[in-house]
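Asks: quick one, what's the 3D model for this:
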Amino acid sequence: MYCCTGYYLTEYGCQECIGSFGLNCSLPCLSGYFGPRCTLHCQCVKDKCDAKFGCPKVLADKDKTSLEISTGIKTTMKNFKITASSQLVSLNSTSENFFQKLSLKYWVLICSTAFAVVSVAIGCFIFVKIKAKRKRRRSQNDFKSEMELKEFFDNATKISSSGYVYRKLP
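Replies: Numbering: from 1, shown residues only. Got it, this is the predicted structure:
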């Protein structure tokens with residue numbers, strides 16, 4: 001079984017990518033984006049944004065420390081101190097190649113567009129070549145007609161009262 005782009009395969013079926021995108025969720029979210037298929041924009045400093053949960057807010061009680069995420073998900077742990085920096089996922093999106101971040105549908109779109117542009121350019125080139133060839137043939141045919149006509153009139157005998165009298169060519 002295969003999953004669509006933006007999903008990954010688990011024992012329960014296809015699950016949506018959270019904190020990543022692409023085929024089998026292979027690409028991490030770009031800096032400043034998080035959540036399902038990286039569609040949500042962080043409202044905090046980009047390096048503080050968690051790819052899965054967004055911007056963290058640390059709240060402290062006497063015996064509880066909780067981490068509240070901007071998506072509304074709240075995780076509570078007893079007697080365990082949490083700092084925001086320990087929950088951050090470091091993203092190094094600048095080192096990744098731009099083309100590695102594109103999903104399959106964008107690759108298909110880019111390749112199809114490039115193919116169409118190249119095909120139209122080649123078609124135009126061939127059309128212009130054919131038109132030029134036909135024009136050359138016509139001008140050569142016109143030149144032959146003029147030569148035949150000139151030869152025809154040179155071989156004609158003139159009669160003063162009725163115009164030209166034609167005789168057969170040898």
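
Asks: for the rest of this, base every contact and every neighbour count on C-alpha atoms.
Replies: Noted.

Asks: which ones are touching Tyr12?
Replies: For Tyr12, the contact set (C-alpha atoms under 8 Å, 6 or more residues apart in numbering) is empty.

Asks: give me the pLDDT value at it.
Replies: On pLDDT, Tyr12 comes in at 85.

Asks: same check, this time on the one 3 residues further on
Replies: The predicted local distance difference test score for Gln15 is 87.

Asks: ditto for the one 10 residues further on
Replies: Confidence per residue is given as pLDDT, and for Cys25 that number is 86.

Asks: measure it to Gly123 for me?
Replies: 40 Å (C-alpha to C-alpha, to the nearest Å).

Asks: more crowded one of these two?
Replies: Each of Cys25 and Gly123 has its neighbours counted (other C-alpha atoms under 10 Å); Cys25 has more, 21 against 12.

Asks: wait, doesn't the more buried one sit right on Tyr8?
Replies: Yes - here Cys25 reaches Tyr8: they are 6.1 Å apart, a contact under C-alpha atoms under 8 Å.

Asks: what do these two both touch?
Replies: With contacts defined as C-alpha under 8 Å, 6+ apart, the residues shared by Cys25 and Tyr8 are Cys17.

Asks: and Gly19, backbone torsions?
Replies: The phi/psi pair for Gly19 (degrees, to the nearest 10) reads phi 90, psi 0.

Asks: neighbours around it, how many?
Replies: 24.

Asks: how about Leu9?
Replies: Counted with other C-alpha under 10 Å, the neighbours of Leu9 add up to 15.

Asks: quick check, it in a strand?
Replies: Yes - according to DSSP: H, G, I helix; E, B strand; the rest coil, Leu9 belongs to a strand.

Asks: least trustworthy helix or strand in the chain by mean pLDDT?
Replies: None of the helices or strands of the chain scores lower by mean pLDDT, DSSP states H and E than strand 74-78, at a mean of 44.

Asks: so is Lys52 in a helix, a strand, or just coil?
Replies: Applying three-state DSSP: Lys52 is coil.

Asks: residue contacts, it?
Replies: Counting by C-alpha under 8 Å, 6+ apart, the residues that Lys52 touches are Ile18, Gly19, Ser20, Phe34, Gly35, Pro36.
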